[in-house]
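Undergrad: Next come a sequence and a model predicted from it.
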Amino acid sequence: MTKRNTQQRRHAIVALVQERGEVSVDELTRSFATSEVTIRKDLALLETGGLLLRRYGGAVSLPAEMVNTGDPLKVSQRKLAIARAAAERIRDHNRIIIDSGTTTSAMIPLLGHKRGLIVMTNSLNVAGALRELENEPTLLMTGGTWDPHSESFQGQVAEQVLRSYDFDQLFIGADGIDLARGTTTFNELVGLSRVMAEVAREVVVMVVSDKIGRRIPNLELPWERIQTLVTDDALSPEAQASIQAKGVTLICAPSQNLMQTDSVRR
């Protein structure tokens with residue numbers, strides 16, 4: 001099966017989950033005439049993209065308690081809008097870092113038309129998704145110590161590998177944005193994120209507007225390390241002014257008509 005057919009199958013899986021609320025691996029295996037291994041890989045990548053949740057034996061749509069709006073499709077559309085705005089900043093042959101996370105992962109399917117990319121990541125899920133692209137980039141892995149909390153590699157080995165390279169851009173998410181300090185995280189392992197920022201000429205933070213203003217104790221990246229912040233168009237004017245006052249390029253990606261546009265394209 002070609003990579004294009006793989007992408008079509010995954011679009012169809014998302015549509016089924018949104019329509020029915022729950023699907024089983026057995027059902028998907030029969031529907032798409034493929035193996036359980038393939039379906040489980042699909043579900044893992046779709047979960048990484050924030051499009052569904054895996055459950056024993058299958059997958060379910062995102063529950064309301066995980067979505068402030070009560071509309072899981074709307075959240076995924078907001079992340080896709082952010083991903084598209086971020087992907088537009090990537091030129092052919094760029095050397096980039098993609099950190100682990102659902103918002104950064106949503107950008108990966110949009111890189112299929114980019115040529116000559118070199119991509120470093122600390123995430124197995126990101127690496128797997130990159131390998132599915134039509135124009136598969138040169139893939140670099142940090143290695144290091146596996147952190148189950150962030151589902152990514154961390155530690156001194158990963159930091160040493162990163163320092164052996166230089167990159168055009170870093171694409172990174174955040175658990176929160178403290179308007180006074182910078183990006184914040186629940187994870188105490190922030191060393192690798194800071195090294196990523198050190199070795200990249202442009203640091204692009206990708207985050208939904210709900211997280212902006214959220215204060216979390218652990219500071220990840222101070223504002224002086226951030227060049228660009230990409231969010232959705234629900235950000236308040238006050239927050240916009242505060243971020244721009246830090247000298248950061250702010251991009252508020254419109255998501256209102258995104259679903260209609262996608263429907264026309266399909």
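TA: It's in. This structure is a prediction, so every number in the text was calculated from the model and none was measured.

Undergrad: and the lengthiest helix in the chain, C-alpha only, in CSV?
TA: Looking across the chain with DSSP state H, the single longest helix is helix 3-20. Taking Å, rounded to 0.1, in the frame of the first residue of the first chain, the C-alpha atoms of helix 3-20 are listed here in CSV:
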residue,chain,number,x,y,z
LYS,A,3,1.9,6.3,1.5
ARG,A,4,-1.0,8.2,-0.1
ASN,A,5,-3.3,5.3,0.5
THR,A,6,-2.1,5.1,4.1
GLN,A,7,-3.1,8.8,4.6
GLN,A,8,-6.5,8.2,3.1
ARG,A,9,-7.1,5.2,5.4
ARG,A,10,-6.2,7.3,8.4
HIS,A,11,-8.6,10.1,7.4
ALA,A,12,-11.3,7.5,7.1
ILE,A,13,-10.5,6.1,10.6
VAL,A,14,-10.9,9.5,12.1
ALA,A,15,-14.2,10.0,10.3
LEU,A,16,-15.5,6.7,11.7
VAL,A,17,-14.5,7.5,15.2
GLN,A,18,-16.1,10.9,15.0
GLU,A,19,-19.3,9.4,13.6
ARG,A,20,-19.6,6.4,15.9
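
Undergrad: separation between the nearest residue to Arg40 once chain neighbours are set aside and Gly57?
TA: Leaving aside its chain neighbours, Arg40 sits nearest to Val25 (6.4 Å; criterion: CB to CB, 6 or more residues apart in numbering). Where C-beta positions appear, they are placed from N, C-alpha and C, glycine not excepted. For Val25, the distance to Gly57 (CB to CB, to the nearest Å) stands at 6 Å.

Undergrad: Equivalent analysis for Ser24, please.
TA: 5 Å.

Undergrad: Settle it for me: which of these two has more neighbours?
TA: Using other CB atoms under 10 Å, the more surrounded residue of Ser24 and Gly57 is Ser24, with 14 against 11.

Undergrad: beta partners of the more buried one?
TA: Bridge pairing for Ser24 (DSSP bridges) gives the partners Gly58.

Undergrad: from memory it sits against Val60, does it?
TA: No: Ser24 sits out of contact with Val60 when judged by CB atoms under 8 Å, with a separation of 10.3 Å.

Undergrad: burial measure for the nearest residue to Ile177 once chain neighbours are set aside, as a count.
TA: In space, and not counting its chain neighbours, Ile177 is closest to Ile212: 4.3 Å by CB to CB, 6+ apart. Ile212: 23 surrounding residues under other CB under 10 Å.

Undergrad: ok now do Ile212, which residues does it touch?
TA: By CB atoms under 8 Å, 6 or more residues apart in numbering, the residues touching Ile212 are 176-177, 179, 231, 235, 239, 243.

Undergrad: If we use 7 Å, what do you get?
TA: Neighbour list for Ile212: 177, 231, 235, 239 [criterion: CB atoms under 7 Å, 6 or more residues apart in numbering].

Undergrad: got JSON lines for these, with distance to Thr142, neighbour count and pLDDT too?
TA: Output for these, formatted as JSON lines (distance: CB to CB, whole Å; neighbours: other CB atoms under 10 Å; pLDDT from 0 to 100):
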{"residue": "Ile177", "distance to Thr142": "24", "neighbour count": "27", "pLDDT": "95"}
{"residue": "Thr231", "distance to Thr142": "26", "neighbour count": "27", "pLDDT": "97"}
{"residue": "Leu235", "distance to Thr142": "31", "neighbour count": "20", "pLDDT": "94"}
{"residue": "Ala239", "distance to Thr142": "32", "neighbour count": "17", "pLDDT": "96"}
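
Undergrad: about what we covered before: wait, the residue nearest to Arg40 touches Tyr56, no?
TA: No: at 9.5 Å, Val25 does not count as touching Tyr56 under the criterion of CB atoms under 7 Å.
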